[in-house]
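# Okay, predicted coordinates and the sequence, questions at the end:
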Amino acid sequence: MQVRDKAANGGTSLVQSDALAVRGLRKVYQRPAVDGLDLTVRAGEFYALLGPNGAGKTTTLRMVSGLLRPDAGAISIFGIDALKQPTAAKQITAWVSDEPMIYDKLTPLEYLAFVAGLWSIAPDAAEKTARELLGWLELMPNADERCEGFSKGMRQKVALAGALVHDPRLIILDEPLTGLDAHAARLVKDVLLERARQGCTVIMTTHILEVAERMAERIGVISQGKLIAEGTLDELRSHAGSGGTSLEEVFLTLVGSTQRRHDDPQP
């Protein structure tokens, strides 16, 4: 697998080059799922958002993608206020969930033509892009088969192709490798890394910490709806007070210390 060189960390202030800036983001169900979250992702960065189950990762990404309305806070995507200008923000954003929703009665080519039509892409250009994406993901042999008979991995690749057909600047993925075999997972990772090399910004959640360690330039750790640590692996090690350890050990240290502080009785 080709692995991107990890960049040095810089400042996280809101500047024009930021792909995503989240400030004070909050969503409450029976309890706060996201609780005053601040998050910045730079343009062209591959960013991994990690956290235990129920930490607020998916809720955060759904709000950033425009699928869920926050109770409070601000979301800026390449300088566009995503809450006041949702259509403009969505035009440069792609969203891929761990349970892709595609139309089973359509073939991959038909599905991509349908998605391209939603973005008002000319049919000739749409078909060229669709064939390139399906070829990249090794789906051309199945391009004229209905999606209803596809495996989870094949459906995930079709969904990814659909998300990329309008050439987004920001790609947001929630557990995109879940349920994929090794070969399919490698294809998806290679496509994402290539897009990042071309200048796209990629934000991904994953429970496969080795993937985050190898692919991401920076990593954010979220727990109980708050960002508790962020940076390169070396910076996370320093934050956790551990040296020479894997991302898994650093992650467990960070999340564990946060949980202990939460559970300690207040004076």
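That came in fine, so what should we check first? Residues are numbered from 1 along each chain as shown.
# Can you list the low-confidence ranges for this protein?
The chain contains residues with pLDDT under 70 at 1-17, 242-244, 257-267.
# switch the cut-off to 80
When residues are selected by pLDDT under 80, those of the chain lie in 1-17, 179, 242-245, 257-267.
# ranges for the strands of it?
Here the chain has its strands, by DSSP state E, at 18-28, 32-42, 46-50, 72-77, 80-81, 93-96, 170-174, 201-205, 218-223, 226-231.
# any idea how far the shortest one is from the chain center?
Looking back up the chat, that one is strand 80-81. 19 Å (Cα atoms, centre = their mean, to the nearest Å).
# Repeat that for the fourth one.
Its chain's C-alpha centre and that of strand 72-77 lie 17 Å apart, by Cα atoms, centre = their mean.
# The third one now?
Taking the mean of its C-alpha atoms, strand 46-50 sits 7 Å from the chain's own mean (Cα atoms, centre = their mean).
# For Gln91, which residues are in contact?
By Cβ atoms under 8 Å, 6 or more residues apart in numbering, Gln91 lies in contact with Trp119, His166. For every residue, glycine as well, the C-beta is placed using N, CA and C.
# typo on my end, it should be Ile75
Leu20, Ala21, Val22, Leu25, Met63, Val64, Asp81, Ala82, Leu83, Ala89.
# returning to what we had before: please identify which of the strands of the chain is closest to Gly241.
Among those, the nearest to Gly241 by Cβ to Cβ is strand 226-231 (11.2 Å).
# Going by neighbour count, which residues in the closest one are buried?
The neighbour-count check on strand 226-231 (16 or more other Cβ atoms under 10 Å) flags Lys226, Leu227, Ile228, Ala229, Glu230, Gly231 as buried.
# what does stretch 202-222 give?
Here stretch 202-222 shows 202-206, 209, 211-222 as buried, counting by 16+ other Cβ under 10 Å.
# before we move on, what about stretch 148-168?
In stretch 148-168, counting by 16+ other Cβ under 10 Å, buried: 150, 153-166, 168.
# got the CA positions of that stretch in PDB?
The C-alpha trace of stretch 148-168 is given here as PDB (Å, rounded to 0.1, in the frame of the first residue of the first chain):
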ATOM      1  CA  GLU A 148     -29.000  -5.700  -5.600                       C
ATOM      2  CA  GLY A 149     -26.700  -8.800  -5.900                       C
ATOM      3  CA  PHE A 150     -23.500  -7.000  -4.700                       C
ATOM      4  CA  SER A 151     -21.600  -7.800  -1.600                       C
ATOM      5  CA  LYS A 152     -21.100  -5.200   1.100                       C
ATOM      6  CA  GLY A 153     -17.600  -4.500  -0.200                       C
ATOM      7  CA  MET A 154     -18.800  -3.900  -3.700                       C
ATOM      8  CA  ARG A 155     -21.700  -1.700  -2.500                       C
ATOM      9  CA  GLN A 156     -19.200   0.300  -0.500                       C
ATOM     10  CA  LYS A 157     -17.100   0.900  -3.600                       C
ATOM     11  CA  VAL A 158     -20.100   1.900  -5.600                       C
ATOM     12  CA  ALA A 159     -21.000   4.400  -2.800                       C
ATOM     13  CA  LEU A 160     -17.500   5.800  -2.800                       C
ATOM     14  CA  ALA A 161     -17.600   6.200  -6.600                       C
ATOM     15  CA  GLY A 162     -20.900   8.000  -6.200                       C
ATOM     16  CA  ALA A 163     -19.400  10.300  -3.600                       C
ATOM     17  CA  LEU A 164     -16.500  11.200  -5.800                       C
ATOM     18  CA  VAL A 165     -18.300  11.700  -9.100                       C
ATOM     19  CA  HIS A 166     -18.700  15.500  -8.600                       C
ATOM     20  CA  ASP A 167     -15.000  15.900  -7.700                       C
ATOM     21  CA  PRO A 168     -15.400  17.200  -4.100                       C
END
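# Please, where are all the helices along the stretch 1-150 of the chain?
Remark: helices assigned in the stretch 1-150 of the chain by DSSP state H, counting those that start in this stretch are 57-64, 86-90, 108-118, 123-136.
# ok so, going back, hmm, which of the contacts of Ile75 are the buried ones?
Neighbour-count burial (16+ other Cβ under 10 Å) is assigned, among those, to Leu20, Ala21, Val22, Leu25, Met63, Val64, Ala82, Ala89.
# Thanks again, I'm all set now.
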